[in-house]
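Participant: build me a model:
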Amino acid sequence: MNKHLANLQSGYQDLMDRYGVDDPMVVNLKAEIDRHEAAAHSADLLERRNPLSRTGSWNRVSRGAELAA
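Facilitator: Sure thing, here's the model as predicted:
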C-alpha cells in the first residue's frame, strides 16, 4: 500500500468517526479510496516484461545451460 492511500484511509476513519458513514464528504472520500485501490490492483496485474524486448519474446534459459549450472 502506498503512502497516499494510507493517508486517505486514515482521514476516512477520522471523518467516519466524526460525521458518520452517511455524510456526503465521507462517501466521496470512500469512493476515492476505492478508485485508488482498484488502480493499484490493476497495476499489480499488468504484465511485467523488458520494454525493449520484441513482442511475444520471452527470456528463457536453454535446457542445457540449466543442467550445467
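Participant: list the buried residues of the helix or strand harbouring Ser10.
Facilitator: Secondary structure assignment for Ser10, by DSSP states H and E: helix 3-19. Neighbour counts using 16 or more other CB atoms under 10 Å place 8-9, 12, 15-16 of helix 3-19 among the buried residues. Every residue, glycine included, has its C-beta placed from N, CA and C.
Participant: closest to Asp22 out of those residues?
Facilitator: Of all those, Asp22 sits closest to Met16, with 9.9 Å by CB to CB.
Participant: quick one, what contacts Tyr19?
Facilitator: Residues near Tyr19 by CB atoms under 8 Å, 6 or more residues apart in numbering: 25-26.
Participant: thought Ile33 was touching Gln9?
Facilitator: Yes - shown here, Ile33 and Gln9 form a contact pair, counting by CB atoms under 8 Å, at 6.0 Å.
Participant: need the contact list for the closest residue to Glu37 other than its chain neighbours.
Facilitator: Spatially, and ignoring its direct neighbours in sequence, Glu37 is nearest to Leu5 (6.9 Å; CB to CB, 6 or more residues apart in numbering). Counting by CB under 8 Å, 6+ apart, Leu5 touches 33, 36-37, 40.
Participant: I'd like the residues you listed as CSV, with neighbour count, pLDDT and distance to Asp22 appended.
Facilitator: Below are these laid out as CSV (neighbours: other CB atoms under 10 Å; pLDDT from 0 to 100; distance: CB to CB, whole Å):
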residue, neighbour count, pLDDT, distance to Asp22
Ile33, 15, 92, 16
His36, 16, 87, 22
Glu37, 14, 86, 21
Ala40, 13, 76, 27
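Participant: report the buried residues of the longest helix anywhere in the chain.
Facilitator: Identified as the longest helix of the chain according to DSSP state H is helix 24-45. For helix 24-45, burial by neighbour count (16+ other CB under 10 Å) applies to 26, 29-30, 36.
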